[in-house]
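Peer 1: Pasting the sequence and the predicted model now:
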Amino acid sequence: MTITELQALYAEVFAEWVRELELEVRATTADSVTLALPVRARHVHAGGVVCGQTLMAAADTALVLAISHRLGGFRPQTTVQLQTSFLRPVGTDALPLVEALEPAAVR
């Protein structure tokens, strides 16, 4: 899928609150999609860093876009498990998100 097609998919398929993350598809390869998460005040919690809920929603969304890209279009899918380890606080600059898929990960 092209960057334009992936951006359109993001606008059409996801819930309104997910679209409010304003994710931007920046690049693709055969096995990856790179997005940017523009950090807005609504993504930052009282500690002055991006909140985990924003990061998890962005990561989950990036994975759906990467799978759709690999499949050549969207097919209904759902997240069964999502786990993360936060290693350090994330500041307020735009965040790059890269979802790369193993060649046999999507059929």
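Peer 2: It's in.
Peer 1: Could you pull up the residues touching residue 84?
Peer 2: Neighbour list for residue 84: 52, 55-56, 59 [criterion: CB atoms under 8 Å, 6 or more residues apart in numbering]. All C-beta atoms are positioned from the backbone trio N, CA, C, and that covers glycine.
Peer 1: In helices, which of those residues appear?
Peer 2: Residues of those located in helices (DSSP state H): 52, 55-56, 59.
Peer 1: Tell me where the model's unsure across this structure.
Peer 2: Residues of the chain that meet the criterion pLDDT under 70 lie in 87-107.
Peer 1: Look up how far residue 4 lies from the residue nearest to the spatial centre of it.
Peer 2: Central residue of the chain (CA atoms, centre = their mean): residue 62, 2.5 Å from the mean position. For residue 62, the distance to residue 4 (CB to CB, to the nearest Å) stands at 17 Å.
Peer 1: Likewise for residue 38?
Peer 2: Using CB to CB, residue 38 is found at 18 Å from residue 4.
Peer 1: Give me the three-state assignment for the residue nearest to the centre of the chain.
Peer 2: Judged by DSSP: H, G, I helix; E, B strand; the rest coil, the three-state class of residue 62 is helix.
Peer 1: still on that earlier bit, can you put the ones in helices among the contacts of residue 84 in a markdown table and add neighbour count and distance to residue 85?
Peer 2: Formatted as a markdown table, the ones in helices among the contacts of residue 84 follow (neighbours: other CB atoms under 10 Å; distance: CB to CB, whole Å):
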| residue | neighbour count | distance to residue 85 |
| --- | --- | --- |
| 52 | 12 | 11 |
| 55 | 18 | 11 |
| 56 | 15 | 12 |
| 59 | 16 | 12 |
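Peer 1: could you show me where the helices are in this protein, in order?
Peer 2: Applying DSSP H to the chain gives helices spanning 3-13, 16-19, 52-71.
Peer 1: Who has more neighbours out of residue 38 and residue 4?
Peer 2: Legend: neighbour count by other CB atoms under 10 Å for residue 38 and residue 4, higher for residue 38 (12 against 9).
Peer 1: With distance to residue 28 added, can I get the ones in helices among the contacts of residue 84 in CSV?
Peer 2: Converted to CSV, these look like this (distance: CB to CB, whole Å):
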residue, distance to residue 28
52, 27
55, 21
56, 22
59, 17
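Peer 1: Fine, thanks again, bye for now.
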